[in-house]
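*Asks:* predicted model follows, preceded by the sequence.
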Amino acid sequence: MDFHLAFSPKQLSKKIDHQHKLLLIGSCFTENIGDKLIAHKFSVLQNPNGILFNPVSVKDALENYISNKTIDENELFYLNEAFHSWQHHSRFSGITKEDAIKKINASTAAAHQYLKTTDFIIFTFGSAWVYELTDKALNVKVGNVAANNHKAPSDWFNRRLLSNEETNNIVNDIVKQLQQFNPSIKIIFTISPVRHLREGFVENNRSKAALINAVHLATEGFDNVFYFPAYELVIDDLRDYRFFAEDMVHPNYAATNYVWEKFVASCIVEPAQQLMIAINEINAAINHKPFNENSEAHQLFKLKYLKIAEAMQHKYPLLNLQKEITFFAS
């Protein structure tokens with residue numbers, strides 16, 4: 001008797017290789033996958049605005065990258081002893097205005113240049129619920145959507161679920177602007193399996209349904225637009241609370257690894273998959289904790305992997321293994 005219904009995502013018609021440049025934008029689940037790609041030596045730029053959950057904030061961020069927008073102090077606000085931007089995660093906040101402006105403008109400029117030659121962009125939408133700023137919020141145009149609440153008072157926001165039509169139009173605009181700016185770019189949409197239960201169980205499902213419908217319409221209406229079912233893999237395939245963290249909302253380590261394995265099989269070319277196995281061996285060697293770092297056995301161990309890393313660097317010059325080579329040579 002089967003107690004588990006597994007499924008394998010469709011193979012992408014155009015897959016990722018180590019020679020490709022990847023840009024990842026979206027929810028915290030984006031960074032789980034992005035960190036794994038970075039660990040396996042892919043060229044990755046992730047979340048130049050920090051974590052973004054809703055498609056409005058993603059669209060706003062993308063438009064800023066395309067136009068290479070710079071901000072000044074008039075676009076910041078001061079709260080809880082720091083300066084913040086309504087379009088950015090708190091990692092871009094600063095104790096001084098100059099610090100926040102410097103971080104934000106540098107990140108936008110880097111994203112602008114990177115996006116010109118990006119091969120694949122991966123979006124992970126988290127929620128179709130948006131928090132619009134009210135007239136009580138500091139330094140805003142009323143009705144603008146906040147990307148991050150920065151722990152501001154609740155009466156600074158008006159919560160609203162995007163309509164299906166709004167969500168569809170936003171996703172379409174994202175695709176159109178990207179393809180106009182970089183005609184060769186390939187787009188992969190995913191929906192975060194993290195459930196936004198603070199909105200409510202029914203409300204979360206309405207939100208996810210709107211996002212899923214919008215991205216599927218985009219895959220049907222545009223070339224080089226794909227869907228990876230991260231949401232379905234967790235909610236329908238794993239379908240068990242043992243695959244969630246203690247908050248019963250975020251997928252745990254096992255679930256994230258399961259989605260990652262499916263992503264690799266579906267979205268990455270076979271030769272790159274084989275190379276990833278070798279890279280993973282080097283990563284495991286770096287994380288190895290010896291009983292005695294000065295022992296002859298450990299020095300021989302490091303010499304072995306130094307030679308492996310140097311040979312891999314020579315064979316695959318696109319990879320950056322300098323950190324690993326330095327570690328094993330020390």
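*Replies:* Happy to help now that I have it.

*Asks:* for Glu75, give its distance to Trp156.
*Replies:* Between Glu75 and Trp156 the computed distance is 16 Å (C-beta to C-beta, to the nearest Å). For the C-beta atoms, the positions are set from N, CA and C on the backbone; glycine is no exception.

*Asks:* which of the two has more residues huddled nearby?
*Replies:* Trp156 (21 against 17; other C-beta atoms under 10 Å).

*Asks:* that one against Lys136, yeah?
*Replies:* Yes. Contact criterion C-beta atoms under 8 Å: Trp156 and Lys136 qualify, at 5.3 Å.

*Asks:* pLDDT of stretch 120-138, averaged?
*Replies:* Across stretch 120-138, pLDDT averages out at 96.

*Asks:* and for stretch 37-50?
*Replies:* 96.

*Asks:* just stretch 193-206 next, same as before
*Replies:* For stretch 193-206, the mean confidence score works out to 91.

*Asks:* now that stretch: buried residues?
*Replies:* The neighbour-count check on stretch 193-206 (16 or more other C-beta atoms under 10 Å) flags Pro193, Val194, Arg195, His196, Glu199, Glu203, Asn204, Arg206 as buried.

*Asks:* cool, and stretch 315-330?
*Replies:* Tyr316, Leu319, Leu321, Glu324, Ile325, Phe327, Phe328.

*Asks:* got it, and stretch 285-293?
*Replies:* If you call a residue buried by 16+ other C-beta under 10 Å, then stretch 285-293 has these buried ones: Ala285.

*Asks:* can you give me the buried ones in the lowest-mean-pLDDT helix or strand in the chain?
*Replies:* Lowest by mean pLDDT, DSSP states H and E among the helices and strands of the chain is helix 28-39, with a mean of 90. Residues Phe29, Thr30, Glu31, Asn32, Ile33, Gly34, Lys36, Leu37, Ile38 are the ones in helix 28-39 that count as buried (16+ other C-beta under 10 Å).

*Asks:* quick check: the farthest pair among the residues you listed?
*Replies:* Greatest spacing in the buried residues of helix 28-39, by C-beta to C-beta: Phe29 and Ile38 (15.1 Å).

*Asks:* element containing Arg195?
*Replies:* Assignment of secondary structure by DSSP states H and E places Arg195 within no helix or strand.

*Asks:* so it is in contact with Val202, correct?
*Replies:* No. Contact criterion C-beta under 8 Å: Arg195 and Val202 do not qualify, at 11.6 Å.

*Asks:* quick one on the thing from earlier: nearest to Leu45, of the buried residues of stretch 193-206?
*Replies:* Using C-beta to C-beta, Val194 comes nearest to Leu45 of those, at 21.9 Å.

*Asks:* for Phe42, see how far away the nearest residue to the closest one once chain neighbours are set aside is.
*Replies:* Nearest in space to Val194, with sequence neighbours left out and distances taken as C-beta to C-beta, 6 or more residues apart in numbering, is His250 at 5.4 Å. Taking C-beta to C-beta as the measure, His250 falls 24 Å from Phe42.

*Asks:* pLDDT (mean, whole number) over stretch 74-86?
*Replies:* When pLDDT is averaged over stretch 74-86, the result is 95.

*Asks:* what's in contact with that stretch?
*Replies:* 71, 73, 90, 92-97, 99-101, 104, 133, 137-140, 144, 146-148, 150-152 (C-beta atoms under 8 Å, 6 or more residues apart in numbering).

*Asks:* measure that stretch end to end?
*Replies:* 12 Å (C-alpha to C-alpha, to the nearest Å).

*Asks:* and that stretch, how far out from the chain middle?
*Replies:* Mean C-alpha position of stretch 74-86 versus that of the full chain (C-alpha atoms, centre = their mean, to the nearest Å) differs by 24 Å.

*Asks:* how about that stretch: buried residues?
*Replies:* Glu75, Leu76, Phe77, Leu79, Ala82, Phe83, His84, Ser85, Trp86.

*Asks:* helices or strands up against the strand or helix carrying Thr190?
*Replies:* For Thr190, the element it lies in under DSSP H and E is strand 186-191. Counting contacts by 3 or more C-beta pairs under 8 Å, 6 or more residues apart in numbering; DSSP states H and E, strand 186-191 is packed against strand 120-125, helix 164-181, helix 201-221, strand 225-227, helix 230-232.

*Asks:* if you set the cut-off to 6 Å instead, what comes out?
*Replies:* For strand 186-191, the packing partners by 3 or more C-beta pairs under 6 Å, 6 or more residues apart in numbering; DSSP states H and E come out as strand 120-125, helix 201-221, strand 225-227.

*Asks:* which strands border the shortest one, and is each parallel or antiparallel?
*Replies:* Meaning strand 225-227. Sheet pairing of strand 225-227 (DSSP bridges) gives strand 186-191 (parallel).
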